[in-house]
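[1] I would like to see how this sequence folds:
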Amino acid sequence: MRRQHQGMDSAFEGGKVLFPAQAHLEDVNIPRWVSFISPLIAGNAKLLRRLCIGNLLSDRTPSTGKTVTIVEAIPHVLRTNPTPGSSPALQVAPLRTSSPSTCLTPDELFRMYAPSRFKYQIPDTLSHDYTYISPNGHFSVPIMAKLKSFRVVVATCVASSMLSGVGMSRGHYSHIFTDEAGQATEPETFISIKTLADPRTNVVLSGDPKQLGPIIRSGIARNLGLETGYLERLMAREVYDEMDGHGKTVIKLTQNFRSHFSILKFPSDQFYAGNLEQCDPSSTINTYLSSPFLPNYLPLGKDDREASSPLFFTIDEALVVKSYVPQLKETRDRNELIDECLDDNDIGIIAPYHVQCLKLRTTLRSVADGIKFRFVEEFQGQERKVIMISTVQPSPVHDVAVTRAKALLIVIGNPHLLPLDPLWRSFLNSIYLNGGWVGPDIPWDPQAPVDSHGGYDAGVWSAAEVDMNEYTRRMEDLVVASGEREREGGGDGVEVNANVDRPWRHAK
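    A predicted model of the protein is given here:
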């Protein structure tokens with residue numbers, strides 16, 4: 001939090017970065033020769049060339065190679081300025097980052113970690129050759145001369161504050177790449193931009209404002225606009241219009257390399273104007289085309305809540321998940337497309353509440369102890385061959401949840417509760433009309449148009465009010481009838497006014 005305040009308080013004159021407009025666009029010379037590291041980018045030369053020359057937003061859709069594109073762009077920036085020490089780049093992200101270490105030496109690339117992190121917290125896939133460890137065994141930064149010699153520095157948004165803290169001059173980095181910018185708050189993004197950029201710095205934001213945004217727990221902060229990230233705010237400006245600015249200020253990646261098109265269809269139509277394309281060439285996405293598990297199951301469960309917690313859980317949904325897991329892990333002989341059995345690492349289970357994750361873990365411990373149970377936020381950027389969603393209650397971020405699966409998506413929820421949310425109603429209509437519904441019959445007309453403004457809960461509340469009034473009337477009638485019987489029969493030794501409230505008195 002202090003680093004964010006530090007970034008926001010830094011003096012910075014950069015209108016084209018803070019409030020970009022058409023007047024800030026410049027004519028540039030596009031390089032004619034491009035060589036690629038990743039085969040996924042080989043067909044997108046125009047995209048790479050544009051990434052190297054100006055402020056750009058990469059409005060990515062789920063699993064479209066956004067991080068690969070950024071990692072590819074950084075070495076390309078360096079190739080256009082081959083002189084050592086020129087055109088260095090800074091790559092930051094709200095959480096952990098990927099880096100182009102496969103094509104850069106430890107003398108060219110530096111991964112900067114906060115001193116508070118321990119070495120065992122770094123993934124084994126990342127070499128420690130690209131870090132600096134002080135004599136006392138903690139992560140640190142080298143002397144300034146060595147730090148300035150690196151052509152690429154990779155850090156989280158917060159850790160990037162160490163650069164200005166040790167005296168790195170403004171404008172040293174010609175490019176600042178921010179990955180997963182859609183998840184960062186605007187002050188988080190500005191930690192690196194406002195402390196290290198100058199008017200000549202190129203800023204590249206990569207992320208998806210249609211998926212998970214910044215997680216703001218303070219209602220006051222949300223009302224004051226902190227929930228709107230830097231990427232989302234800029235996407236609302238005219239200069240970043242998806243149509244007019246495409247290829248100039250905005251690149252929208254639409255080729256999806258994760259999921260089968262049946263899984264992509266709804267989020268593509270709902271959030272991305274139907275632009276998503278299925279591009280995964282592997283047979284993995286076709287694994288369950290003829291599987292009996294394709295229909296989604298919607299049980300009539302009951303929400304429970306422990307006395308010590310305000311969060312809900314649903315045992316009924318946990319039991320349904322438990323019934324699916326053994327069947328999924330034993331489907332090798334049932335489908336000729338499945339050439340190997342699933343293991344726990346192929347299955348992911350998403351739930352909205354921590355207590356539901358705990359109930360699922362306890363329920364499945366005997367059949368699948370290695371399955372990953374996570375909140376939606378923790379599955380961002382990840383994927384599994386099979387994803388099961390225990391909804392408990394409608395969640396507004398289900399776009400992320402339904403785009404994590406590669407071959408099979410199973411949604412488990414209450415068919416009377418979920419459709420109260422317009423987005424879930426649209427999704428469930430799509431499931432039902434495509435033959436994917438299992439469980440009680442659908443309790444509404446799936447052909448009827450969905451009102452995006454909602455209001456479906458109004459009828460539920462009205463019906464509940466009628467039921468409560470009827471219950472109250474019946475109880476009153478029972479009390480009156482009981483009193484009349486006591487008066488007529490003399491009470492049979494029972495005080496007539498036993499159930500009548502009396503003023504409290506001290507015991508004599």
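
[2] helix, strand or coil for residue 265?
    Recorded secondary structure, residue 265: helix (DSSP: H, G, I helix; E, B strand; the rest coil).

[3] ok, now which ones touch it?
    Counting by C-beta atoms under 8 Å, 6 or more residues apart in numbering, residue 265 makes contact with residue 430. Yep, even glycine has a C-beta here, placed from its N, CA and C like the rest.

[4] let's see 7 Å
    With contacts defined as C-beta atoms under 7 Å, 6 or more residues apart in numbering, residue 265 has no neighbours.

[5] and it, how close does it get to residue 425?
    Computed with C-beta to C-beta, to the nearest Å, the distance linking residue 265 and residue 425 is 16 Å.

[6] which residues of the stretch 51-200 of the chain fall in strands?
    Using DSSP state E, counting those that start in this stretch, the strands found in the stretch 51-200 of the chain span residues 56-60, 89-93, 109-111, 152-156, 175-178.

[7] just put the ones you listed in TSV and tack on mean pLDDT and mean neighbour count.
    Output for these, formatted as TSV (pLDDT from 0 to 100; neighbours: other C-beta atoms under 10 Å):
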stretch	mean pLDDT	mean neighbour count
strand 56-60	53	26
strand 89-93	70	26
strand 109-111	90	24
strand 152-156	90	25
strand 175-178	90	26
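
[8] now distance to residue 448 too, for the ones you listed, in a markdown table please.
    Below are the strands of the stretch 51-200 of the chain laid out as a markdown table (distance: least, C-beta to C-beta, whole Å):
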| stretch | distance to residue 448 |
| --- | --- |
| strand 56-60 | 32 |
| strand 89-93 | 43 |
| strand 109-111 | 54 |
| strand 152-156 | 47 |
| strand 175-178 | 43 |
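
[9] who wins for proximity to residue 439 among those?
    With distances scored as C-beta to C-beta, the stretch of the strands of the stretch 51-200 of the chain nearest to residue 439 is strand 56-60 (34.6 Å).

[10] and of the strands of the stretch 51-200 of the chain, who's closest to residue 234?
    Among these, the nearest to residue 234 by C-beta to C-beta is strand 56-60 (6.1 Å).

[11] the helices in the stretch 201-350 of the chain, which residues?
    219-223, 230-235, 261-271, 315-329 (DSSP state H, counting those that start in this stretch).

[12] what's the burial count for residue 226?
    The number of residues packed near residue 226 is 15, by other C-beta atoms under 10 Å.

[13] ugh, wrong one, residue 173
    By other C-beta under 10 Å, the burial measure for residue 173, its neighbour count, is 25.

[14] give the contact list for it.
    Contact analysis of residue 173 by C-beta under 7 Å, 6+ apart lists 88-90, 196, 201.

[15] one more pass at 10 Å, please.
    87-91, 151-153, 160, 163, 192, 196-198, 201-202 (C-beta atoms under 10 Å, 6 or more residues apart in numbering).

[16] cool, and residue 370?
    Shown in contact with residue 370 (C-beta under 10 Å, 6+ apart): 343-345, 347, 364.

[17] cool, and residue 189?
    4, 7, 92, 94, 157, 176, 178, 181, 203, 205, 207, 214, 229-231.

[18] and of those, the nearest to residue 454?
    Using C-beta to C-beta, residue 214 is the member of the contacts of residue 189 that lies nearest residue 454, at 23.5 Å.

[19] how about the closest one: what's its closest non-neighbour residue?
    Leaving aside its sequence neighbours, residue 214 sits nearest to residue 185 (C-beta to C-beta, 6 or more residues apart in numbering; 4.3 Å).

[20] now do the contacts for that neighbour.
    Residue 185 makes contact with 4, 94, 157, 213-216, 221, 226-230, according to C-beta under 10 Å, 6+ apart.

[21] among these, show me the least confident.
    Ranked by pLDDT, the contacts of residue 185 bottom out at residue 94 (67).

[22] give me the below-cutoff pLDDT ranges for the stretch 301-450 of the chain.
    Applying pLDDT under 70 to the stretch 301-450 of the chain flags the ranges 301-313, 331-341, 394-399.

[23] same thing but at 90, please
    Within the stretch 301-450 of the chain, the segments meeting pLDDT under 90 span 301-424, 428, 430-432, 434-444.

[24] where along it do the strands fall?
    Using DSSP E, counting those that start in this stretch, the strands assigned to the stretch 301-450 of the chain run over residues 304-305, 312-313, 347-350, 372-374, 384-390, 405-412, 437-438.

[25] and those strands: which comes nearest residue 468?
    Of all those, strand 304-305 sits nearest to residue 468, with 20.1 Å by C-beta to C-beta.
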